[in-house]
Each structure stands twice: as C-alpha cells, then as structure tokens.
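Trainee: any chance you can model this:
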Amino acid sequence: MSRFVLVHGAMGGAWIWEHLTPELEAAGHTVQAIDLPGAGADTTPVEDVSLDAYAERICAALAEEPEPAVLVGSSMGGVAITQAAARCPERISLLVYVAAFLPRAGQSLLDLTHLPEGADDQVQANLVVTGEPPVATLPVPAAKEVVFGDCSDELAAWGAERLGEQPLAPFTAPNDGADDSVPRTYVLCTRDLAIPPPLQRRMIAENPCVDVVELDTDHSPMLSATSDLAAALTRFASESARGS
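Mentor: Residues are numbered from 1 along each chain as shown. I've put the predicted structure just below:
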C-alpha cells in the first residue's frame, strides 16, 4: 500500500479531502492532508504567503516519514506540488494532478489562465480581489456552481461556505518546474468550470503524464465522485509501485 500526501487548491484547506481520506485508508493506504501557509487552520500572515512557502510546507510534510509519498494536488495545488517536486524530488514517488494546474518551468498559474484554452475559466471570472497585499475570494453562489456544481446541495453549501481568502502572490510566481525524474499522472474532470477541460488537455500534452484518468464530473471530484477518485489514485499508486 502507498503513502499519500494531499494538497488542496486555492481558498481551500485540508478539509476538502475529508470525504476521500477514509476511502483511501479503507484500501490500506496512509493519508496526510495538509494546510498550505495561510489556508485552512494555518495562520501564516498574507504577506508571508508565497509559492516558495508552499513548497517548503509540502517538503516538510513529506520529510515527516522516510517513505517517499504519492503527492496529490488539486487545482492550484498542482502549482504547489510542482514547485515542491523541484525542491525535494527524492521524497516523492509520484505526482498526481487532480483537475489541477500543471505548469512548465517558468510558467505561473496566471500564465496558464491566460492561455486561449483557459478563456472559459469561471473562477477567474468571479473572483473578488481586495486588500494589500491582495487576496481573492469567491462568492458563495458562484462557488456552488463553479467549484461544486456536481455535488449534492448539502455538500456544495458545505464546501462553498468554507472557502477562505486566497493570497494572490502564489498565482503570479513563476514555477521552477518539477524534476523530470518524478513521474506524473493526471485526473481530468470533463465537466470542470474552473479549469476548462481544453486547458487540462493542453497542460497534459505539454507535460506528458504516464497515466491519465478522465472523470465525468466537476472541479471537486473528492466530493462529487469520491469513490471514482479513490479508485484512480489507488490505480496510479499501484502502477507506480510496480514500475519502481
């Protein structure tokens, strides 16, 4: 069985994985979901939140156990795990992008949203930016539709109301690019309104993955298609272990 470290997306926290974690653990895996700096229960000040701080937090979590981990990133978490894989590749057995941004070296999250395939990104269209340093929020009605559109009404409300403020500094920082020694896999969500499927396909084409699973669901398969996502992650981990 495998060790999983789970990294949330923008405005989220470790809480987003609460429904998925028991399914992975029931399959015999060990699971750790973390809060990135300034997210969830973490109290890092906005001015100290950066892409490098994200990578440091992830690498510190990976270092808590000697076994290299399957590192999973959702949405913006894809940028964070890519940066971590440039810093501590020896601690990662596999990268998994779940409806996530997958940058090349030198690309920022904002660069990816500006590609033609990202034109229908409804998160960017609905973000409200305030403050200095700037932070973004997503209004609850928009979040229910854009991020949690295929979830039950109860789950959509639970998720949308827990989304917090997102410092914008990690959006604009160029990524160092993952170490090519770490294999990549991708879970593409075909009904995603946050990272349009054409953009997901372009990122996969430009950053070849050893395996891709498509789920007919929204941007939050850990809530809307929990068992299907658990099965995909288990498949990725099993195939990676056989190939190592």
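Trainee: just checking, what packs against the longest helix belonging to the chain?
Mentor: Longest helix in the chain, counting residues (DSSP state H): helix 226-243. Other elements packing on helix 226-243 under the criterion 3 or more Cβ pairs under 8 Å, 6 or more residues apart in numbering; DSSP states H and E are helix 20-26, strand 69-74, strand 92-98, strand 184-189, strand 211-215, helix 221-224. Backbone N, C-alpha and C define where each C-beta goes, glycine included.
Trainee: quick check: buried residues in it?
Mentor: 226, 229-230, 232-234, 236-237, 240 (16 or more other Cβ atoms under 10 Å).
Trainee: which residue in those residues has the weakest pLDDT?
Mentor: Of all the buried residues of helix 226-243, residue 240 carries the smallest pLDDT score, 89.
Trainee: stretch 153-171: which residues count as buried?
Mentor: By neighbour count on 16+ other Cβ under 10 Å, the buried set for stretch 153-171 is 155-156, 158-160, 163, 165-171.
Trainee: just list the residues touching the most centrally placed residue in the chain, thanks.
Mentor: Nearest to the geometric centre of the chain sits residue 74, at 1.8 Å (Cα atoms, centre = their mean). By Cβ atoms under 8 Å, 6 or more residues apart in numbering, the residues touching residue 74 are 6-9, 12, 16, 98-100, 220, 222.
Trainee: likewise for residue 25?
Mentor: Residue 25 neighbours (Cβ under 8 Å, 6+ apart): residue 31.
Trainee: any idea how far residue 231 is from it?
Mentor: 14 Å (Cβ to Cβ, to the nearest Å).
Trainee: how many neighbours does residue 45 have?
Mentor: 10 (other Cβ atoms under 10 Å).
Trainee: these two touch, right, it and residue 53?
Mentor: No. With contacts counted by Cβ atoms under 8 Å, residue 45 stays clear of residue 53, the gap being 10.7 Å.
Trainee: for residue 187, report the pLDDT, please.
Mentor: So residue 187 comes in at 98 (pLDDT).
Trainee: thinking again about what came up before, and the buried residues of stretch 153-171, which is closest to residue 124?
Mentor: Closest approach to residue 124 among the buried residues of stretch 153-171 (Cβ to Cβ): residue 171, at 9.7 Å.
Trainee: show me the contacts for that closest one.
Mentor: 10, 76, 108-110.
Trainee: which helix or strand contains it?
Mentor: Using DSSP states H and E, residue 171 maps to helix 169-172.
Trainee: show me where this structure has its strands.
Mentor: Here the chain has its strands, by DSSP state E, at 3-7, 30-34, 69-74, 92-98, 128-130, 135-137, 166-167, 184-189, 211-215.
Trainee: how about low-confidence regions in this structure?
Mentor: Regions of the chain meeting the criterion pLDDT under 70 cover residues 243-244.
Trainee: got the contact list for stretch 119-134?
Mentor: Against stretch 119-134 from outside (Cβ under 8 Å, 6+ apart): 10, 46-47, 113, 118, 135-139, 142, 145-147, 167-169, 193-196, 199.
Trainee: re earlier: so which of the contacts of residue 74 is the closest to residue 33?
Mentor: Once Cβ to Cβ is applied, the member of the contacts of residue 74 that ends up nearest residue 33 is residue 6, at 4.2 Å.
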